[in-house]
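In: coords below, sequence missing:
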Ligand SMILES: NC(=O)c1ccc[n+]([C@@H]2O[C@H](COP(=O)([O-])OP(=O)(O)OC[C@H]3O[C@@H](n4cnc5c(N)ncnc54)[C@H](O)[C@@H]3O)[C@@H](O)[C@H]2O)c1
Ligand SMILES: [Mg+2]
């Protein structure tokens, strides 16, 4: 039986029309060049008993279980997490771009899902990605970690912010740091980037910034942050080591914890602990 037939059989079993396969989007391919598509079965779109029944039946038939995306991303390897994050971001974009904003007519997805077109005026819509800078600020000996009220309890991270229209990355870093903690950036170094599917599709651009020693007094913007504080390299290194241990391996209470390995914020913090500076980017 071909894979398509097998999928149609499964969809039929769960009361779904096989037409739904047309909504699938291309997210990558295997080393053997087999195309990988993702499909949203819409189990979350309905709170009906029917949907939850299907969910349980599907778990049995597919010998798997549905878990929250945020949890799954941190349990998978980097490659699978990246596929899942692409799938989620692309499927959500299609779901929220069903109509042309000029004509109001339904838009049509191309086969791979890389764009949607309005048949009445040929306007092409491409999936959107919002650039976000995430910066680990240091004063040379300490680094600045911050907490938003939306973060999981006890988690501290690097400072992040969306790029405004018309800004360069360097301008965004300077503005966000000034707005959120009242500091002035002295030097700036690019580190790495990562696609992040929350709240919508973002490209996280990670940087290290330094402020002048002696100009380190924080003015925390409490509308944006719940807390911000300077931490020594030793303190951060200790928390980073404990972060990688399972709950059973933990001994004693930890003062705070850091984003998991997969998050680019974790990579930034690890880089700072291990090596204070990276390749320079003119600020
Ligand atoms: N991967 C990581 O390690 C990591 C760590 C921290 C934050 N983040 C992500 O960085 C993103 C930005 O951080 P932040 O929340 O501090 O940003 P921020 O400081 O710019 O503040 C968020 C606010 O910006 C506004 N905003 C402007 N443009 C927006 C857009 N395109 N989409 C949504 N809101 C927009 C909204 O009012 C929103 O409430 C968050 O969505 C978060 O998921 C990722
Ligand atoms: Mg922010």
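Out: Ah, there it is. Just so we're clear, the structure is a prediction, and the values are computed from it rather than from any experiment. Numbers count the residues shown, from 1 in each chain. Ligands and ions are numbered 1, 2, ... in the order given.
In: Name the residues of the stretch 1-150 of the chain found near ligand 1, please.
Out: With CB under 6 Å from any ligand atom as the criterion, the stretch 1-150 of the chain meets ligand 1 at residues 130, 132, 134. Heads up, the C-betas are built off the backbone N, CA and C, glycines and all.
In: Just to check, the last one is in contact with residue 203?
Out: No. In this structure residue 134 lies outside contact range of residue 203 using CB atoms under 8 Å: 10.5 Å.
In: of those two, who's got more company?
Out: Taking other CB atoms under 10 Å, residue 134 and residue 203 do not tie; residue 134 has more neighbours (27 against 14).
In: number of nearby residues for residue 221?
Out: Burial of residue 221 is recorded as 13 neighbouring residues (other CB under 10 Å).
In: Next, residue 213: secondary structure please.
Out: Three-state assignment for residue 213 (DSSP: H, G, I helix; E, B strand; the rest coil): coil.
In: The lowest-mean-pLDDT helix or strand in the chain: what's the following helix or strand?
Out: Ranked by mean pLDDT, DSSP states H and E, the weakest helix or strand in the chain is helix 49-62, scoring a mean of 76. Later in the chain than helix 49-62, the nearest helix or strand by DSSP states H and E is helix 69-75.
In: Do a quick rundown of the strands in the stretch 1-150 of the chain.
Out: Applying DSSP state E, counting those that start in this stretch to the stretch 1-150 of the chain gives strands spanning 25-29, 35-38, 108-109, 116-117, 124-125, 130-138, 142-147.
In: can I get the ones you listed in a markdown table with mean pLDDT and distance to ligand 2?
Out: Shown next, in a markdown table, are these (pLDDT from 0 to 100; distance: least, CB to the ion, whole Å):
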| stretch | mean pLDDT | distance to ligand 2 |
| --- | --- | --- |
| strand 25-29 | 96 | 29 |
| strand 35-38 | 94 | 30 |
| strand 108-109 | 97 | 33 |
| strand 116-117 | 98 | 30 |
| strand 124-125 | 98 | 28 |
| strand 130-138 | 98 | 9 |
| strand 142-147 | 97 | 8 |
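In: Of the ones you listed, which is nearest residue 86?
Out: With CB to CB as the measure, strand 25-29 is the member of these nearest residue 86 (4.8 Å).
In: residues of the closest one that come out buried?
Out: Of the residues in strand 25-29, 25-27 count as buried by neighbour count, 16 or more other CB atoms under 10 Å.
In: same thing with stretch 175-193?
Out: 175-177, 180-181, 183, 185, 188-191, 193.
In: Could you do stretch 70-80 as well?
Out: Under the neighbour-count criterion of 16+ other CB under 10 Å, stretch 70-80 has residue 73 buried.
In: Can you give me the end-to-end span of that stretch?
Out: When the termini of stretch 70-80 are compared using CA to CA, to the nearest Å, they are 13 Å apart.
In: same thing with stretch 102-118?
Out: With CA to CA, one end of stretch 102-118 sits 9 Å from the other.
In: need the contact list for the residue in the stretch 101-250 of the chain that ligand 2 sits nearest to.
Out: Residue nearest to ligand 2 within the stretch 101-250 of the chain: residue 161 (4.3 Å; CB to the ion). Contact partners of residue 161, counting by CB atoms under 8 Å, 6 or more residues apart in numbering, are 132-133, 172, 175-176, 179-180.
In: Now for the residues you listed: which two are most distant?
Out: Spanning the widest gap among the contacts of residue 161 are 132 and 179, at 14.2 Å by CB to CB.
In: count of residues packed around residue 141?
Out: Neighbour count of residue 141, defined by other CB under 10 Å: 11.
In: ok, it touching residue 235?
Out: No. Residue 141 is beyond contact range of residue 235, at 11.3 Å (criterion: CB under 8 Å).
In: before we move on, the earlier item: restrict the buried residues of stretch 175-193 to contacts with ligand 1.
Out: When contact is defined as CB under 6 Å from any ligand atom, these meet ligand 1 at residue 176.
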